[in-house]
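Trainee: next comes the sequence, and after it the predicted model I'd like to discuss.
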Amino acid sequence: MAAQIWGSEKRARRRREISAKIAQMPELHDSKPLPFMTREEKIMESARKLTILTEKMGQIIDPTDPAELYHLNNEVLGLEGNPMALHGVMFIPALSAQASDEQQAKWLPRALRREIIGTYAQTELGHGTNLQNLETTATYDLATQEFVLHTPQITALKWWPGNLGKSSNYAVVVAHMIIKAKNYGPHPFMVQLRDEKTHEPLPGITIGDIGPKMAYNIVDNGFLGFNKYRIPRTNLLMRHTKVEADGTYIKPPHAKINYSAMVHVRAYMLTGQAIMLASALNIATRYSSVRRQGQIDKSQPEVKVLEYQTQQHRLFPSIARAYAFQFAGAETVKLYEHVLKEMKSGNVSLMADLHALTSGLKSVVTYQTGEGIEQARMACGGHGYSMASYISEIYGVAIGGCTYEGENMVMLLQLARYLVKSAALVKSGQSSKLGPLVAYLGVKSEPTSLIDRIPNSGFTEYVKTFQHVSKRQTLKAADMFFGLMEKGEKREIAWNKCSVELNRASRLHTRLFIVEAFVRRVNEIADIRIKEALTDLLHLHVNYELLDIASYALEDGFLSASQLDYIRDQVYLYLGKIRPNAVSLLDSWEFSDIELRSVLGRRDGNVYENLFKWAKSSPLNKTDVLSSVTQYLKPMMEKARL
Ligand SMILES: CCCCC/C=C\C/C=C\C/C=C\C/C=C\C/C=C/C(=O)SCCNC(=O)CCNC(=O)[C@H](O)C(C)(C)COP(=O)(O)OP(=O)(O)OC[C@H]1O[C@@H](n2cnc3c(N)ncnc32)[C@H](O)[C@@H]1OP(=O)(O)O
Ligand SMILES: Cc1cc2nc3c(=O)[nH]c(=O)nc-3n(C[C@H](O)[C@H](O)[C@H](O)COP(=O)(O)OP(=O)(O)OC[C@H]3O[C@@H](n4cnc5c(N)ncnc54)[C@H](O)[C@@H]3O)c2cc1C
C-alpha cells in the first residue's frame, strides 16, 4: 500500500531508508518537544538542524530528488516551516521558470549551494489577490540602465512573504514595471536585500518579521519596503519577457507566464495537504483504537471508541479523501511538469487548462483537508485539544493553504471562468472544441441515474452521476450569467451576481476530477489485496461524496429518494467494511514517530504513559510553586483571609 501512496516500491523503500537513517542521527531530532519552545527557540532549533542538513544531506537523500527532499524536510524540520521554506518552494522554482539561461547560470548554482537564501515577495499590505493593483513600482532609468524599486505608501509594503523577515538575503520581487511612463504590469525582479557578509539590510531597504501567526511560526513571514532602491536592468527575470537597454519591451508568449511560481506551488501543495490530512487521521485513528469509553452492549466491557459508527463516520470518509487527494495530486504534478517543459520551449497552449485545474483543486483540497483535520481533532475528545496530540498545529498549518497561493473563493472563480467559456462552446454547438477535462460537458446524459439499477456497473454510474450534476450546475450558472448580460447587466456586475453559483460549479467539477483520479488509480492496480482494500475505500468515497452533494441530483430528479437510501446504506456498509483495515490504511503512509510529533498518536499505543510523561516535562512543572502564585495569587488569598 505504501507503494501506491508514494508512487512506487522504490519510493516507499527509499522513504523507509531515509527515516531509518534519521532515527540514527540524534543531532537531527527535536531537542525538546516543539510545543514547549518559544517562537525564537523554535527558529533557532530549526536553523541548527537546517545547517546540519546542508552538510549531511547527501549522506541521507538524493538532493536532486524533490520527493526525497520533501520527506527529509517533514521528518527533520517538520511542518511548522523552517528558515528556508520558501527558498525551495518558490524562490528556486521562480528562477528556474522565469530567469533566462544566462541569469540562471549566475544565480541558480549559488541558490542550490545555499550560498544565498531567497524568497518570493509578491503580496503587499494593501493587495494580495488583485495583482493588477499591487503598488510597488520598478521604474526604468534609461540613463543608468537600472530599475528603481519604490514603495510609494504604507499599503505598498510587501507583507507576508515567507522567510522574508529575518532569514532571506535575496528575493524574487514582483513590481509594476514602468518604462518611459508606460506601466507594463507586474513583473518579477531578482533583488538583493541584505549584505552577504553582515546580513544587514542594504541602504534603501526596510525589512522585518510580521509577528506571530495562527501557526507556521518557524517561518519569519516578513514586510519589505523600498526607498528608490536601484537594481541593474538585467535583474528583471528575462526568460519570457525582455527589456532592452534602450527600454524596448519584448512581451512574453502568454500574458500570465510570470505567474508560474504560484502554479508550481498550487500543483505541489495537493500532496502536501494529503500528507497533513493523513497525519492527523493517523493520530486520531490510532488513538481511537486504544481509547475505550462506554459500551455498545451493556453486558459487554467498554469498547474502543473506533467501534462507534459516529466515530467511523467522522474519520473514514476523510481517510478516503486523503488517498483521493494523494492520487489526484500525483496526476496534477505530472501534468504540471509536462506543461512546464512545454512552456520553457515556448508552447503555452496548455497553461489555461493547468491553471483552471490547479485553481479548483487547490481550493477544494485545502478546504476539505481543514474539515477532516478538525474532525480528527474532535474525534480525540479532550486529548485532541492538547498540543500533545499535535493536531491543532497540523490544522493551523494546513488551513493556511486556503489563503496562500490564491484565496480559495478567488481561485474557484478562476476555474469558473474556464467553465463558463466551456459552457459557451457547448451552447454554440462547438463541443468538439472542449478540452479533455471538460469534454463531459458536451455529452448528453441519461434522463436518470442508473446507480443501483445495473448490476456490476462498478463505478461507472457514479462517475456519470457526478458528471451530470457538475454539467448541470455549470450550464445553470453560465445561463444565469449570460441571462443577466442579455438583460443589459455589465459583464463584471453580472459575474458578481452569479459568483456563488459559479463557485458551486467549480467545486462540483473539481470533486468530479478527484473521484475520477481515484477510479483511474484503482483500475491500474494489479495486486489483488491492495485493489480490494482500495476498492472498499473508493466505494465509501463515491457514496459519501455523492450523498454530500445529493441536493444537486435530487432537484432535477436525476436521483430518486430510493437511490438516495441505497447510497446512504452503502456508506454505512463500507464504514463497517473499512473498520478492520482503518489503522492499517493510515499506518501504510509510514509516518515515523519523529515525523508525526504526536504524543497521542505514537506507534506504540502507550497513550496514557506517554501523556503523563509529556505533562510532567512541561516547563510549568519544573517547580511546584510558580512565581505567578507567590507574587499575585498567594497575597490575594492571604488578603482575603484577613
Ligand atoms: C514531492 C515534492 C513536494 C514539493 C513540495 C512543494 C510544495 C509544498 C507544499 C506546500 C507549500 C508549503 C509552504 C508554502 C507556504 C506558503 C507560500 C505562499 C506563497 C504565496 O502565497 S505567493 C502569493 C500568491 N498570490 C496569489 O496567488 C495571488 C492570487 N491572485 C492571482 O493569482 C491573480 O490575481 C488572479 C486571481 C489569477 C487574477 O489575475 P489577473 O492578472 O488579474 O488576471 P484576470 O484578469 O483575472 O485573468 C486574465 C486571464 O488570465 C488567466 N490566468 C490567470 N492566472 C493564470 C495562470 N497562472 N496561468 C494561466 N492563465 C492565467 C485567467 O484565467 C484569465 O483567463 P481568461 O481566458 O478567462 O481571460
Ligand atoms: C501562511 C501564509 C504564507 C504566505 N506566504 C506568502 C509568500 O511567501 N509570498 C507572498 O507574496 N505572499 C504570501 N502570502 C500571502 C497570500 O498569498 C495572500 O494572503 C493571499 O493571496 C490572499 O490575498 P489577500 O490576503 O490579499 O486576501 P484578500 O484578497 O484581501 O481576501 C479577503 C477576502 O476577500 C475576498 N476577495 C478578494 N478578491 C475577491 C474577488 N475578486 N472576488 C471575490 N472575492 C474576493 C476573498 O475571497 C476573501 O474572502 C502568504 C499568506 C499566508 C497566510
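Mentor: Thanks, I have the structure now. Ligands and ions are numbered 1, 2, ... in the order given.
Trainee: what does this protein put close to ligand 2?
Mentor: Counting by Cβ under 6 Å from any ligand atom, the chain comes close to ligand 2 at 86, 120-123, 127-129, 160-162, 216, 221, 400, 403-404, 406-407, 409-410, 413. Every residue, glycine included, has its C-beta placed from N, CA and C.
Trainee: okay, and which of these map to strands?
Mentor: For the residues of the chain next to ligand 2, the ones inside strands are 120-121, with DSSP state E as the criterion.
Trainee: could you list which of the residues of the chain next to ligand 2 also contact ligand 1?
Mentor: Restricting those to those near ligand 1 - Cβ under 6 Å from any ligand atom - leaves 120, 122-123, 128-129, 162, 404, 406, 410.
Trainee: need the three-state assignment for residue 176.
Mentor: At residue 176 the chain is in strand, as set by DSSP: H, G, I helix; E, B strand; the rest coil.
Trainee: right, and it touches residue 133 too?
Mentor: No: taking contacts as Cβ atoms under 8 Å, residue 176 lies outside contact range of residue 133: 9.2 Å.
Trainee: in terms of neighbours, single out the busier of these two.
Mentor: residue 176 (19 against 12; other Cβ atoms under 10 Å).
Trainee: residues of the helix or strand where residue 609 lies that come out buried?
Mentor: Residue 609 belongs to helix 607-616 when elements are defined using DSSP states H and E. By 16 or more other Cβ atoms under 10 Å, the buried positions in helix 607-616 come out as 607, 610-611, 614.
Trainee: hang on, the earlier thing: and which of the ones next to ligand 1 among the residues of the chain next to ligand 2 is nearest to residue 171?
Mentor: The shortest distance between residue 171 and any of those, using Cβ to Cβ, involves residue 120 and amounts to 6.8 Å.
Trainee: now that closest one: closest residue in space that isn't a chain neighbour?
Mentor: Take residue 120 and drop its neighbours on the chain: the residue closest to it by Cβ to Cβ, 6 or more residues apart in numbering is residue 90, 3.7 Å away.
Trainee: is that neighbour in contact with residue 266, as I believe?
Mentor: No: counting by Cβ under 8 Å, residue 90 sits too far from residue 266 to count as a contact (11.3 Å).
Trainee: related to what we said a few turns ago, turn the buried residues of helix 607-616 into TSV, including pLDDT.
Mentor: Formatted as TSV, these follow (pLDDT from 0 to 100):
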residue	pLDDT
607	97
610	97
611	98
614	96
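Trainee: tell me the spacing between residue 433 and residue 442.
Mentor: According to Cβ to Cβ, to the nearest Å, residue 433 stands 9 Å off from residue 442.
Trainee: higher neighbour count, the two?
Mentor: The neighbour count for residue 433 versus residue 442, taken as other Cβ under 10 Å, is higher for residue 442 (17 against 10).
Trainee: isn't that one right up against residue 434?
Mentor: Yes: Residue 442 is within contact range of residue 434, at 5.2 Å (criterion: Cβ under 8 Å).
Trainee: list the residues that contact residue 423.
Mentor: By Cβ atoms under 8 Å, 6 or more residues apart in numbering, the contact list for residue 423 reads 441, 474-475, 478.
Trainee: for ligand 1, state which of the residues you listed is nearest.
Mentor: Here the nearest of the contacts of residue 423 to ligand 1, counting by Cβ to the nearest ligand atom, is residue 478; it sits at 13.2 Å.
Trainee: dump the residue contacts of that closest one.
Mentor: Contacts of residue 478 by Cβ under 8 Å, 6+ apart are 419-420, 423-424, 427, 505.
Trainee: determine which two of the buried residues of helix 607-616 are furthest apart.
Mentor: 607 and 614 (10.5 Å).
Trainee: overlap in contacts, those two.
Mentor: With contacts defined as Cβ under 8 Å, 6+ apart, no residue is shared by residue 607 and residue 614.
Trainee: so which residues on the stretch 301-450 of the chain come close to ligand 1?
Mentor: Residues of the stretch 301-450 of the chain lying near ligand 1 (Cβ under 6 Å from any ligand atom): 351-352, 355, 404-406, 410, 414, 417.
Trainee: now, among those, which is nearest to residue 80?
Mentor: For those, the minimum distance to residue 80 (Cβ to Cβ) is 14.9 Å, reached by residue 404.
Trainee: which residues touch that closest one?
Mentor: 160, 265.
Trainee: next, give phi and psi for it.
Mentor: phi -70, psi 160 (degrees, to the nearest 10).
Trainee: pipe the contacts of residue 423 into JSON lines and attach secondary structure, distance to residue 325 and pLDDT per row.
Mentor: Shown next, in JSON lines, are the contacts of residue 423 (DSSP: H, G, I helix; E, B strand; the rest coil; distance: Cβ to Cβ, whole Å; pLDDT from 0 to 100):
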{"residue": "441", "secondary structure": "helix", "distance to residue 325": "24", "pLDDT": "98"}
{"residue": "474", "secondary structure": "helix", "distance to residue 325": "22", "pLDDT": "98"}
{"residue": "475", "secondary structure": "helix", "distance to residue 325": "27", "pLDDT": "98"}
{"residue": "478", "secondary structure": "helix", "distance to residue 325": "28", "pLDDT": "98"}
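Trainee: how distant is stretch 441-449 from the center of its chain?
Mentor: Centroid separation between stretch 441-449 and its chain, computed with Cα atoms, centre = their mean, to the nearest Å, is 33 Å.
Trainee: also stretch 283-292?
Mentor: With Cα atoms, centre = their mean, you get 26 Å for stretch 283-292.
Trainee: stretch 143-157 too?
Mentor: Its chain's C-alpha centre and that of stretch 143-157 lie 32 Å apart, by Cα atoms, centre = their mean.
Trainee: stretch 332-343 too?
Mentor: On Cα atoms, centre = their mean, the centre of stretch 332-343 falls 18 Å from that of its chain.
Trainee: can you mark which positions in it are buried?
Mentor: By neighbour count on 16+ other Cβ under 10 Å, the buried set for stretch 332-343 is 332-333, 335-336, 339-340, 343.
Trainee: same check on stretch 47-56?
Mentor: For stretch 47-56, the neighbour count (16+ other Cβ under 10 Å) marks 47, 49-50, 53 as buried.
Trainee: in helices, which of those fall?
Mentor: Those of the buried residues of stretch 47-56 mapping onto helices are 47, 49-50, 53, per DSSP state H.
Trainee: if I pick the residue nearest to residue 120, what's in contact with it?
Mentor: Neighbour list for residue 90: 119-120, 162, 172, 261, 264-265 [criterion: Cβ under 8 Å, 6+ apart].
Trainee: how far away is the residue nearest the centre of the chain from residue 245?
Mentor: Nearest residue to the geometric centre of the chain (Cα atoms, centre = their mean): residue 269, 3.7 Å. Here residue 269 is placed at a distance of 39 Å from residue 245 (Cβ to Cβ).
Trainee: many thanks, have a good one.
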